[in-house]
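Enquirer: Structure, please.
(2 chains)
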Amino acid sequence: SQQGEEDPQALSIQEGENATMNCSYKTSINNLQWYRQNSGRGLVHLILIRSNEREKHSGRLRVTLDTSKKSSSLLITASRAADTASYFCATDPYNTNAGKSTFGDGTTLTVKP
Amino acid sequence: NAGVTQTPKFQVLKTGQSMTLQCAQDMNHEYMSWYRQDPGMGLRLIHYSVGAGITDQGEVPNGYNVSRSTTEDFPLRLLSAAPSQTSVYFCASKSRQRLGYTFGSGTRLTVV
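Expert: This is a model prediction of the structure:
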């Protein structure tokens, strides 16, 4: 079974709006990562947040992590048409090998021009 | 610096055939993993490796073998292809210091 579950499954917004997607996971983690996948392509790593961090920023991306709720959110501010993609969270479970990252099913984001 | 290179990009197999999906990375990453992605779904871990000579099973290992004789290469072998193995296969690598994966562009496999 998947460790991470994204919500919503699909999100459609207008260019310039903010997009928020959420990830919930089941077991304790070492870190949580967010990836982007453009249609038919490989995944691209966006940002990693460690279990002892609560918030992290990278450009227009803001990630939060709440380990008590076992959840994370990814906020994309001032969205652009080029942000249209699927977004996945992945977790490295606590005290296990970092080669065993587990991915959720993703959120499909559509940004309309 | 090519990153993670996967070959072939597309492959059609008949049921029962075997083949090897190639994966190579030139970043000296310790970790390498194979994932499969079925339509509309996330990635499921097939096998992974934490270094040359060390491999382990992931979530869906049945029907696949791997080996890691060098740091750079991590081939995935399909032993006897089945239609249920129709999927897109991604190879990925990462270093111990920076724990985000670098992904290859994928192999789209169809088993008929």
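
Enquirer: so how many other residues sit close to residue 73?
Expert: Since you didn't name a chain, this refers to chain A. Close neighbours of residue A:73, defined as other Cβ atoms under 10 Å in any protein chain shown, add up to 17. (C-beta placed from N, C-alpha, C; glycine too.)

Enquirer: Not quite, go with chain B.
Expert: Other residues near residue B:73 come to 14 when the count uses other Cβ under 10 Å.

Enquirer: Quick one: mean pLDDT for the helix or strand hosting residue B:45?
Expert: Secondary structure assignment for residue B:45, by DSSP states H and E: strand B:43-51. Mean per-residue pLDDT for strand B:43-51: 95.

Enquirer: Repeat that for stretch A:35-53.
Expert: Averaging pLDDT along stretch A:35-53 yields 93.

Enquirer: Touching that stretch from outside, list them.
Expert: The contact list for stretch A:35-53 (Cβ atoms under 8 Å, 6 or more residues apart in numbering or on different chains) reads A:28-34, A:55-56, A:58, A:61, A:63-65, A:67, A:72, A:74, A:84-90, A:94, A:103, A:106, B:4, B:43, B:90, B:92, B:98-106.

Enquirer: Low-confidence ranges, chain A, go.
Expert: Residue ranges of chain A with pLDDT under 70: A:1-4, A:97.

Enquirer: So the strand holding residue B:45, near chain A or not?
Expert: Yes. For strand B:43-51, a contact with chain A is found by Cβ under 8 Å from any Cβ of the partner chain, at B:43, B:44, B:45, B:48, B:49, B:50.

Enquirer: List the contacts of residue B:9.
Expert: B:105, B:106, B:107, B:108 are the contacts of residue B:9 under Cβ under 8 Å, 6+ apart.
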